[in-house]
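**Q** what shape does this take:
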Amino acid sequence: MQIIDRLYLAHPENGSRMMVKVLKRMGHVVNRKRVQRLMNLMGIHSLAPQKKTTIPHPEHVKYPYRLRGLNIDHPNHVWCADITYVPFKKGFLYLVAVMDWHSRKVLSWRLSNTMTPDFCVAALEEALALYGIPEIFNTDQGSQFTATAFIKVLLDAKITISMDGVGRAIDNVFIERLWRTIKYDHIYLNPAESGNALRDGLEMFIDYYNEDRPHSALGDATPDEVYYRSRLQQRAA
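**A** Below you'll find the predicted structure:
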């Protein structure tokens, strides 16, 4: 699963067929059925256009993508969220993060050993409690984000809901870049011995990411600097 994750981060356009070919060239004995099962378990799929293979839950409403052409120029204009697989030496957990699109600041995050909506709702509620209400909230169409409990929090706060098109991870591009940064700059360099160690390491790295890591796209400022400076400018205006 860790090898598949690395390959997927490098080439998210590749599906299970290509993944099998690459794994075999690396010397791994694996068939497509197993690769498909592991990719499904990890919650990843090719970004290439896919046939519709999933029937949506009848109670899960899908919302249109509302960010195309939008000039996102201030904090709390657009937030986004996503889930990724994160490994440690004896297993893996799922990581959800809520990010401010303008500043790239990670507002909240949670780890879980299941893909139920609960930990996503907890991360969302924490971000709202700490940072206020965004105008728009963007996610993919995963069942955790279309679940009644998650949508209710957004609707109760009168937040406009936006969802990526199916197989369009590029619509949520900044949080996809966050996953790559977390995995290549931390997870793979510091393999955790346990889930608790993974949680502690992520806490330190995400604090560093927000407070001290300069971003070229932000003029070499940190997410915290951009977020709080822009908030002060908004209040002054």
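**Q** which residues are in contact with Arg66?
**A** Neighbouring residues of Arg66 by C-beta atoms under 8 Å, 6 or more residues apart in numbering: 136, 138, 160, 162. In this view, the C-beta of every residue, glycine as well, is placed from N, C-alpha and C.
**Q** can you confirm the second one is in a helix?
**A** No. With DSSP: H, G, I helix; E, B strand; the rest coil as the criterion, Asn138 is strand rather than part of a helix.
**Q** break this structure down into its domains, please.
**A** Domains of the chain are assigned by automatic domain parsing as 2-42, 78-236.
**Q** worst mean pLDDT among the ones you listed?
**A** Lowest mean pLDDT within those: domain 2-42, at a mean of 84.
**Q** just give the nearest non-adjacent residue to the residue nearest the centre of the chain, would you?
**A** The centroid of the chain falls nearest to Asp82 when counting by C-alpha atoms, centre = their mean (2.7 Å). Counting by C-beta to C-beta, 6 or more residues apart in numbering, Asp82 lies nearest to Ile175, which is 4.4 Å off, once chain neighbours are set aside.
**Q** and for Phe145?
**A** Per C-beta to C-beta, 6+ apart, closest to Phe145 is Thr139, 3.8 Å.
**Q** swap in Arg180?
**A** Leu9 (5.4 Å).
**Q** re the thing from before, among the contacts of Arg66, which pair sits farthest apart?
**A** Pairwise distances across those (C-beta to C-beta) peak at 9.4 Å, for the pair Asn138 and Thr160.
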